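1. sequence and computational prediction follow.
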Amino acid sequence: MKLYKLSPRNVALIDTLFITLVFIAAYIIISLIWFDLTTEPLLISLPFVFVANFFIIRYSFNHIIFDRIKLIYKVIGRFPNPKEKKKKSVNPLETIQEVVYQWSEDKNKEIKELKRMAAYRREFLGNVSHELKTPIFNIQGYVSTLLDGGLEDDKINRKFLAKTEKSIERLINIVNDLESISKLESGEVKLKANVFNLYELVEEVVDFLEMKAKKSNTKITIKPKLPVPFIVKANKEAIREVLINLVDNAIKYGDKHNNIVKIKLYDMDEKILTEVTDNGVGISQEYLPRIFERFFRTDRGRSRDQGGSGLGLAIVKHIIEAHRQTITARSNIGEGTTFSFTLQKV
């Protein structure tokens, strides 16, 4: 009899028949040697012996032996179906090789990820030290100039004190932004959702940045032109920060002579899509995937001249993702850049 035909029921039946035959033989031997027993007790007890043995053996086989066999087959990755007509052979060595190979592949992936994270951490620390070093060295230079006699000259001391104040503000901005992004990444900041009109918030942000836009000869347009209720559920102040960052970047990095910043809102049934577009130099496809990384700059010198902590887009990304929404960037050199993000529509 083949192994796959030995089901728990068949095994229990065979074992029960064997035990019953042993019971009959024992009864006959006892009656012949020690006692003169009649066949009536044997015939009465025989069905009970058979049924009791069958269920006891079947239960034991099911819950003790057969479960152990299934566990063994699961460990090696295969368990043959008792009803299969053709039993497929299992090579334990091949199964072990497959398991070891898969384990090795998983560990290699983990090692590569750890190396990537270590490289990212080194780059991040290098960027942090560089960003902090610049204003600190500036402050040191300004203070040294003042101490070397510039303090007595009203024109020089006012100029250098103003520059010192600007460098200190930049340091404060970097520290505040680092604290904000750290809290967002750790989940320490819980963004409470409000229901508000996104169109009205966009108008407020444009009004807030109006003077900066005028100084840089930037025109900001909102579409649709007529006020339309785009009602969303999100943290209003966090989304305000997102819009200020995106529009401020569009003003700073747009065309120096005729900059146009376009803000467009789209009703996407369940979501509201917001786009902020500039007509600046654009971002190379090489750098675009890294645009939301902390301190990442496509042009370090030009970006630093524009001010900022280098953490704005990273914070924006974390805020949008904290709302379980998406933000993307698309750009081509010489064609400007568009940032798009979604919010839950009410």
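-> In hand now; what should we look at? Residues are numbered from 1 along each chain as shown.
2. and Ala329, helix, strand or coil?
-> strand (DSSP: H, G, I helix; E, B strand; the rest coil).
3. what do you get for Pro227?
-> coil.
4. ok, it touching Leu198?
-> No: the criterion here is CB atoms under 8 Å, and Pro227 misses it with Leu198 at 11.2 Å. For glycine as for every other residue, the C-beta is placed from the backbone atoms N, C-alpha and C.
5. pick out whichever of these two has more residues nearby.
-> The residue with more neighbours, out of Pro227 and Leu198, is Leu198; 21 against 12, by other CB atoms under 10 Å.
6. the residue lying closest to that one once chain neighbours are set aside: neighbour count?
-> Spatial nearest neighbour of Leu198, excluding adjacent residues (CB to CB, 6 or more residues apart in numbering): Phe230 at 4.3 Å. Phe230: 22 surrounding residues under other CB under 10 Å.
7. for Phe230, give me its contacts.
-> 197-199, 265, 267, 272, 345 (CB atoms under 8 Å, 6 or more residues apart in numbering).
8. report the buried members of these.
-> For the contacts of Phe230, a burial check counting by 16 or more other CB atoms under 10 Å picks out 197-199, 265, 272, 345.
9. where does this structure dip in pLDDT?
-> 1-16, 18-20, 22-23, 25, 27, 29-46, 48-92, 119-128, 130-131, 297-309 (pLDDT under 70).
10. so in it, which helix runs the longest?
-> Taking DSSP state H as the assignment, the helix of the chain that covers the most residues is helix 92-147.
11. got the angle between the host helix or strand of Asp177 and helix 92-147?
-> Assessed by DSSP states H and E, Asp177 sits inside helix 154-186. Counting by axes from the mean of the first three to the mean of the last three CA atoms, to 10 degrees, helix 154-186 lies at 160 degrees to helix 92-147.
12. C-terminal to helix 154-186, what's the next element?
-> As assigned by DSSP H and E, the chain's next helix or strand after helix 154-186 is strand 194-197.
13. what's in contact with that next one?
-> 229-236, 346.
14. any chance you could map the helices in the stretch 201-346 of the chain?
-> Residue ranges of the helices in the stretch 201-346 of the chain, as given by DSSP state H, counting those that start in this stretch, are 210-215, 236-252, 300-305, 312-322.
15. out of the ones you listed, which comes closest to Val175?
-> Distance to Val175, taken as CB to CB, is lowest for helix 312-322 among the helices of the stretch 201-346 of the chain, at 13.4 Å.
16. who are the packing partners of that closest one?
-> helix 154-186, helix 236-252, strand 327-331, strand 337-344 (3 or more CB pairs under 8 Å, 6 or more residues apart in numbering; DSSP states H and E).
17. rerun at 6 Å
-> On a contact count with 3 or more CB pairs under 6 Å, 6 or more residues apart in numbering; DSSP states H and E, helix 312-322 meets helix 154-186, helix 236-252.
18. dump these to JSON lines, plus distance to Thr326.
-> Below are these laid out as JSON lines (distance: least, CB to CB, whole Å):
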{"stretch": "helix 154-186", "distance to Thr326": "16"}
{"stretch": "helix 236-252", "distance to Thr326": "13"}
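19. buried deepest among the ones you listed, which one?
-> Most buried of those by mean neighbour count (mean count of other CB atoms under 10 Å) is helix 236-252; its value is a mean of 21.
20. surely Asn235 and Leu191 touch.
-> Yes: using CB atoms under 6 Å, Asn235 makes contact with Leu191 at a distance of 3.9 Å.
21. number of nearby residues for Ile231?
-> 13.
22. wait, it sits on Val346?
-> Yes: counting by CB under 6 Å, Ile231 touches Val346, with 4.5 Å between them.
23. direction included, what does the longest strand along the chain pair against?
-> Secondary structure of the chain read by DSSP state E shows that its longest strand is strand 259-268. As defined by DSSP bridges, the strand partners of strand 259-268 come to strand 218-223 (parallel), strand 271-277 (antiparallel).
24. so of those strands, which one's packed in deepest?
-> strand 271-277 (a mean of 21).
25. now Glu203. Nearest residue, chain neighbours left out?
-> In space, Glu203 is closest to Ile222, 6.9 Å off (CB to CB, 6+ apart).
26. that neighbour contacts Ile263, correct?
-> Yes: Ile222 is within contact range of Ile263, at 4.9 Å (criterion: CB under 6 Å).
27. which residues do these two both contact?
-> Residues touching both Ile222 and Ile263 (CB atoms under 6 Å, 6 or more residues apart in numbering): Val202.
28. returning to that earlier point: closest to Ile320 out of the helices and strands packed on helix 312-322?
-> Closest approach to Ile320 among the helices and strands packed on helix 312-322 (CB to CB): helix 236-252, 6.6 Å.
29. ok so, going back, turn the helices of the stretch 201-346 of the chain into JSON lines, including distance to Leu21.
-> JSON lines is the format used below for those (distance: least, CB to CB, whole Å):
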{"stretch": "helix 210-215", "distance to Leu21": "101"}
{"stretch": "helix 236-252", "distance to Leu21": "82"}
{"stretch": "helix 300-305", "distance to Leu21": "92"}
{"stretch": "helix 312-322", "distance to Leu21": "74"}
